[in-house]
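>>> need the 3D shape of this:
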Amino acid sequence: MDGVDLALVAGALVASYLLGTFPSALIVAKRGGIDVTAEGSGNPGTSNVVRLLGWRYGAVVFAADVLKGSLATALGWWVSAAALDGGRISVMAFACGYAAVLGHTFPATRGFRGGKGVATGGGSMYVLYPLASLVLCISWFVIRKATGKSSVASLVITVGVPVYVVAARAVPDGKWWELAAVLGLALLVIVRHLPNIRRLRGRSEHAA
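This next block holds a predicted model:
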């Protein structure tokens, strides 16, 4: 890549990170008269907004967070077509999706205290694996309804993404780098859910 291409790639990654920092939950919850970081679980994400204000507010947060991941990943596709060779298109799309998730979970604008990355990561995966993501999204609602725990549903679908990549892409096509990339993202989401896992083990997890 020449200097112009490198600047375009770097700009896309920075833009994706900043897009991820957009405080969807804080803005929506504030309109409902709630500081989402000070009530409920304190997590600035869909589940806590639903817990505090109901599904109407939570759906807006969910849609906004999904859009962050989708837009960032789509930006990666565009930059790939403009600046990189075709064999690296998916790499750049993944990179921008990662940047958005990192912006959401570790926003420099809010002291690196953000959400857990499920919806934003899901938005990124929707651009990369639309059919599988649709199935996993529906699965999330089914599991959440059955268990009453958003964290359980989130953890199950997080594991489901690398399972899909192994079954449908990595093994058949030899694209092991995709599996490594998806596993890294899944690990980040799981690490962000460690407090939830501890509460689940102690049977004290929040309902919602």
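>>> now the strands for the protein?
Counting by DSSP state E, the chain forms no strands at all.
>>> for it, which residue is closest to the average position?
The residue lying closest to the centre of the chain (Cα atoms, centre = their mean) is Gly121, at 2.0 Å.
>>> what about that one, distance to Pro195?
From Gly121 over to Pro195 the distance is 18 Å, taken as Cβ to Cβ, to the nearest Å. Quick note: C-beta positions are derived from backbone N, CA and C, even for glycine.
>>> ok, now Phe22?
With Cβ to Cβ as the criterion, Phe22 and Pro195 are 24 Å apart.
>>> who has more neighbours out of the two?
Set side by side, Phe22 and Pro195 show unequal neighbour counts under other Cβ atoms under 10 Å, the larger going to Phe22 at 19 against 14.
>>> how close does the more buried one get to Thr46?
Summarising the geometry, the distance separating Phe22 from Thr46, computed by Cβ to Cβ, is 14 Å.
>>> for Arg192, give me its contacts.
In this structure, Arg192 makes contact with 105, 115-117, judged by Cβ atoms under 8 Å, 6 or more residues apart in numbering.
>>> mind redoing it with 6 Å?
Applying Cβ atoms under 6 Å, 6 or more residues apart in numbering, we find Arg192 in contact with 105, 116-117.
>>> compare those and tell me which is most surrounded.
Taking other Cβ under 10 Å to define a neighbour, the member of those with the most is Gly117, carrying 31 neighbours.
>>> that one touches Val189, doesn't it?
Yes. Gly117 lies in contact with Val189 (Cβ atoms under 6 Å); the separation is 5.1 Å.
>>> on that earlier part again, list the contacts of the residue nearest to the centre of the chain.
By Cβ under 6 Å, 6+ apart, the contact list for Gly121 reads 101, 185.
>>> tell me how far it lies from Trp140.
Relative to Trp140, and taking Cβ to Cβ, Gly121 is found at 12 Å.
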